[in-house]
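**Student:** need a 3D model of the following:
(chains A, B and C, ligands or ions: 2)
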Amino acid sequence: ACDDGEMVIKFSHVTNTDKHPKGIAASLLQERINTEMNGKACMEVFPNSTLYDDDQVLEAMLQGDVQMAAPSLSKFEQFTKQFRIFDLPFMFKNINAVDAFQSSDTGQAMKASMTRRGLLGLEFWHNGMKQMSANKPLNLPTDAAGLKFRVQPSDVIKAQMEAIGVSPQPMAFSEVYGALQTGVVDGQENTWSNIYGQKFFEVQDGITETNHGIIDYMVVVGTDWWDSLDEDMRTQLATILNEVSTERNAAVGKVDGDARQAILDAGTTIRELDAASRQAWVDAMMPVWGQFKDDVGQENIDAAQAINAQF
Amino acid sequence: MEVAILFGLIIGLMLIGVPIAVSLGVSSVVFLLVLSDTSLASVAQSLFQAMAGHYTLLAIPFFILASSFMSTGGVAKRIIRFSIACVGHLRGGLAIAGVFACMMFAALSGSSPATVVAIGTIVIAAMREAGYTKDFAAGVIANAGTLGILIPPSIVMVVYASATDVSVGRMFLAGVIPGIMAGLMLMITIYIMARIRNMPKGEWLGWGEVARSFGDAFWGLLLIIIIMVGIYGVPGLTGAIFTPTEAAAVAAVYSFIAAVFIYRDIGPLAGKDGHRNLTLLEKPKALVTAFFHVDTRNTLLDAGKLTITLMFIIANALILKHVLTDEQIPQKIASAMLDAGLGPIMFLVIVNVILLIGGQFMEPSGLLIIVAPLVFPIAIELEIDPIHLGIIMVVNMEIGMITPPVGLNLFVTSGVAGMSMMRVVKAALPFTGVLFIFLIMVTYIPAISTWLPTLLMGPEIITK
Amino acid sequence: MAHGYKAKGPVGRFVNELEETIIAFILGMMTLLTFINVVLRYLFNTSMIWVLETVTFLFAWLVLFGVSYAIKTTSNLGVDTVINLFSARVRKVLALVVGAICIGYAFLLLKGAWDYWANFANLPQTTGRWFPTGFEEMRATSYRAWYGVEDIPLPEILRFLEPLMNEGEEYEKLPRFIPYVILPFGMALMLFRFIQATVRVWTGEATSLIVSHEAEDAVEDARRAHGQGD
Ligand code: NA
Ligand code: NA
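**Tutor:** Ligands and ions are numbered 1, 2, ... in the order given. Now for the predicted structure:
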């Protein structure tokens, strides 16, 4: 609990505190702020959507009722459509390319792109590359055609699913496991950590390692609150947050790999794609780029591709 | 300390006659404004999100609507006829049939008071005619009606699942065996009492009547199959067709069709003033007019009204939950309890006591919304199965419904039987005792709740 | 229907009819939309993606609109065992206190609802923590009419809102101020009905703000619900 006189920073997120990349990072941030800024500031973390879910938290932040959050990047598409670049399929080769893009001038500019809407991005947090799973083997995109996939609410992801003939189904996250298990929906896409954490692998035929997209987060604050802090406080917070982000982003590959291994150990089939079948997925999904080119900006796509070439 | 004042305020307000929903809401708002920096706007957000952000709670209006169509549409009376045909000839047969009918209606309806209304109105009158005392009849039905929330589908289970993020489908499965057990225990108790007190018995009407009455009730009972197959699928035949929430909507639409087009007790095809029912061929425009018929509108309105009053309580309980979370109360309580070295057995005793006391004042769903987040983290820490905990809570809520001062089933039974509430309480007491023994069994034998869901859906996964 | 409640005068009857129709209509729409989506998904392997969110909004509308109707018809649950111990005089005083508390509650919620909704409609929130002390000065971040919902596309018929509310920018999704408007509207109605209910207690027309379970109404209700009444 916070002491009197300390500035309270409420951080609301939607995962557990000790297994999910976001939860681990938030817990580390809390620990460091509460020791290093003891007496000045104090962070309270509200995990597992106990206070707000990803959508409500941004409303609450604009209202001033919560100070920090790290929603999935899809949530910022409402604020600036540029963020759709992170949902476009096969935009980034791997998580290192994502990291490099986010650290580039283009990526850094995106953090400040929502200030007119009242939000300021401070750091990107990684989760990982998305994989596909269904209740039947998926090797080629044609295997997925005609199936029903649960998707996050995002126009890009809907379009991506429709491009491979999958019927996208919106569904409350808490219902997904049951729906996959009983066959109300056939499949889903997610990162290794999420597939492991939510135990989706138990109720799917196997996981296809498509690495076709990413799930990442951005730590945001309300501009009104951030601007109201005195300079020292702001600098110290930003520094701690930056160090935590660097540390946890560097470690995310391990969290991801551990989750993948645990899924394998549980006896689940993981299907790796050879070059030809991977190309089939790329070809099937690429038309989606054209659909959202104007929203994202061709120059941003070019920047991402230039970075991809280095990895 | 602040928490004690908060809960004191809530109870105090309730006792002077402030509506339950307002007692919860106004206390939370005052608590929030005094103790935190959080804005009043956040209360409005919680209020809106109570409905818009809790997709699973949508099952509530749909299940309420389904049971409205089922009881106005004549399903209840057909189920009762079938029950009487099956067990009416035993000593105390009509009472046993009443319990059996409550069990079957409970499998169609998600609510206990709805079960009492549907079955009680007919069975209590019939029992009086057959020579049972009014008190005995009312006591039996008030108790058997509580099975409405234990036998799936169940509104209270939906609320628990929503508050703790466990699977609704799994909760529903977990209620099947306890529901049947509780029903059997009530029937056996009645049978023993009937033998001792030499209560009336009906005539055996033959297998023909069993078959005929089953045929007549078939379209209503089919809904049980539709819900179960829809939610769980049939191995080798079909996967599941809908989520539990969608199942509720399908149940509502099916009940409408059964009531208006099959049984035709209500709607445009219903025969007025003793005339026979029309067929769809005689009045094909009914396919359209049924949707706008005054009976349809009134059933929708009744279900809507019940939904509104129930959800108003739940929404205010969610405001309270938000305020408690905002002040980090659950963590404080959890760490206090764990620091005290609480073991699973003691913990379950405490949960039962809290719920039994809380159940005296609160409407079940609202109470669950408040208590579940407080005790759930501790239960996980103590490795108590969340599904098991859920069933314990539901059985507690059943008992709360038949104990004063706030007992929804008491209110409804006193209305249906035309008796004072205290007289119903006394009448219900012996059977409440049975439920209490059942609660102890359910609390300390987890397998009663967890065996079936584990068998059909695999072991419970805890993602925390 | 409206058991136990009789509307007075032609206006009262019209309003009552309207309220009841809206409640029945919203619940009917929620059910049908959900059902249709199940059919589309299972039989036609497709679905209308906006349905889920629409139904959750309708659910919120049903309850937030309907609360005032529940107050009007005295359908809210409460505990009357204790107050029934007192004399009629004391009961009336208590009921007036209860009315005052309910009015205070509705008032706070109305302020909260306005504050929550206002910025989504480019309008100023009120200042003051408990009671409105004026209107805020609008800052750049106070204009949030650009904020759309998650899944429901903007119906073409509402395109006229774009120049009015969104600086001419295109809305992809329904702006949030539309679903959220039920908050200030519903809470204002709630306040109005609580005031009315308290006046009814004052004039002796009613004895409490909660449903009284010992009343003959309940019996009547149950009978009628079962189709045995008239
Ligand atoms: Na039930
Ligand atoms: Na009670």
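
**Student:** CA atoms for contacts and neighbours, from now on please.
**Tutor:** OK.

**Student:** quick check: phi and psi on the residue of chain C found nearest ligand 2?
**Tutor:** Of all residues in chain C, C:Val79 sits closest to ligand 2, at 10.2 Å by Cα to the ion. C:Val79 has phi and psi values of phi -100, psi 120 when expressed as degrees, to the nearest 10.

**Student:** now do A:Thr208
**Tutor:** The phi/psi pair for A:Thr208 (degrees, to the nearest 10) reads phi -100, psi 120.

**Student:** that one and A:Ser133 touch, don't they?
**Tutor:** Yes. At 5.9 Å, A:Thr208 and A:Ser133 qualify as touching, with contact defined as Cα atoms under 8 Å.

**Student:** neighbour-wise, which of those two wins?
**Tutor:** Neighbours per residue, other Cα atoms under 10 Å in any protein chain shown: of A:Thr208 and A:Ser133, the larger number sits with A:Ser133, 28 against 21.

**Student:** confirm that one sits in a helix?
**Tutor:** No. The assignment for A:Ser133 by DSSP: H, G, I helix; E, B strand; the rest coil gives strand, which leaves it out of any helix.

**Student:** for it, give me its contacts.
**Tutor:** Shown in contact with A:Ser133 (Cα atoms under 8 Å, 6 or more residues apart in numbering or on different chains): A:Gly187, A:Gln188, A:Glu189, A:Phe201, A:Gln204, A:Asp205, A:Gly206, A:Ile207, A:Thr208.

**Student:** please apply the same query to B:Val156.
**Tutor:** Neighbours of B:Val156 in contact, by Cα under 8 Å, 6+ apart: B:Gly110, B:Ser111, B:Ile149, B:Pro364, B:Ser365, B:Leu368, B:Val394.

**Student:** farthest pair in these?
**Tutor:** Spatial extent of these (Cα to Cα) is set by the pair B:Gly110 and B:Leu368 at 15.6 Å.

**Student:** more neighbours, the two?
**Tutor:** Neighbours were counted for B:Gly110 and for B:Leu368 using other Cα under 10 Å; B:Gly110 has more, 32 against 26.

**Student:** show me what residue of the stretch 151-300 of chain B gets nearest to ligand 2.
**Tutor:** Ranked by Cα to the ion, the top residue of the stretch 151-300 of chain B for proximity to ligand 2 is B:Val156, at 14.7 Å.

**Student:** hang on, I meant the stretch 101-250 of chain B
**Tutor:** Taking Cα to the ion, ligand 2 has its nearest neighbour within the stretch 101-250 of chain B at B:Thr146, 11.9 Å off.

**Student:** that residue touches B:Ala114, doesn't it?
**Tutor:** No. Counting by Cα under 8 Å, B:Thr146 stays clear of B:Ala114, with 9.6 Å between them.

**Student:** which residue of the two possesses the greater neighbour count?
**Tutor:** Neighbours per residue, other Cα under 10 Å: of B:Thr146 and B:Ala114, the larger number sits with B:Thr146, 33 against 26.

**Student:** how about the nearest residue to that one, chain neighbours excluded?
**Tutor:** Nearest residue to B:Thr146, sequence neighbours excluded (Cα to Cα, 6 or more residues apart in numbering or on different chains): B:Ser112, at 4.8 Å.

**Student:** what's the neighbour count on that neighbour?
**Tutor:** With other Cα under 10 Å as criterion, B:Ser112 counts 30.

**Student:** if we can go back for a sec, any idea how far the residue of the stretch 101-250 of chain B closest to ligand 2 lies from B:Leu184?
**Tutor:** Distance of B:Thr146 to B:Leu184, given as Cα to Cα, to the nearest Å: 14 Å.

**Student:** with B:Leu65 instead?
**Tutor:** 28 Å.

**Student:** between the two, who's got more neighbours?
**Tutor:** B:Leu65 (31 against 16).

**Student:** can you show me the helices along chain C?
**Tutor:** Listed in chain order, the helices of chain C (DSSP state H) span residues C:9-44, C:51-72, C:88-118, C:161-165, C:177-180, C:182-202, C:216-225.

**Student:** the residue nearest to B:Thr146 and A:Glu123, how far apart?
**Tutor:** Between B:Ser112 and A:Glu123 the distance is 51 Å, computed by Cα to Cα.

**Student:** with A:Gln188 instead?
**Tutor:** 28 Å.

**Student:** more neighbours, these two?
**Tutor:** Set side by side, A:Gln188 and A:Glu123 show more neighbours around A:Gln188, with 25 against 21, by other Cα under 10 Å.

**Student:** which residues touch the more buried one?
**Tutor:** A:Met132, A:Ser133, A:Ala134, A:Phe149, A:Arg150, A:Val151.

**Student:** count of residues packed around the third one?
**Tutor:** What it means is A:Ala134. If you count neighbours by other Cα under 10 Å, A:Ala134 ends up with 26.

**Student:** what residues are up against it?
**Tutor:** Contacts of A:Ala134 by Cα under 8 Å, 6+ apart are A:Ala144, A:Asp186, A:Gly187, A:Gln188, A:Gln204, A:Asp205, A:Gly206, A:Ile207.

**Student:** just the last one next, same as before
**Tutor:** Neighbour list for A:Val151: A:Ile157, A:Lys158, A:Pro168, A:Gln169, A:Pro170, A:Met171, A:Gln188, A:Glu189 [criterion: Cα under 8 Å, 6+ apart].

**Student:** mind listing the helices for chain A?
**Tutor:** Going by DSSP H, chain A shows helices at A:21-36, A:54-63, A:95-103, A:105-111, A:141-144, A:155-163, A:173-182, A:192-197, A:223-228, A:231-265, A:275-285, A:287-296, A:298-308.

**Student:** which strands or helices does the fourth one pack on?
**Tutor:** Just to be clear, that refers to helix A:105-111. Here helix A:105-111 touches strand A:119-134, going by 3 or more Cα pairs under 8 Å, 6 or more residues apart in numbering or on different chains; DSSP states H and E.

**Student:** what lines up beside the strand it packs on in the sheet?
**Tutor:** The pairing partners recorded for strand A:119-134 under DSSP bridges are strand A:187-191 (antiparallel), strand A:206-222 (antiparallel).

**Student:** for the first one, the distance to its chain's centre please.
**Tutor:** The one in question is strand A:187-191. In terms of Cα atoms, centre = their mean, to the nearest Å, the centre of strand A:187-191 is set 13 Å apart from its chain centre.
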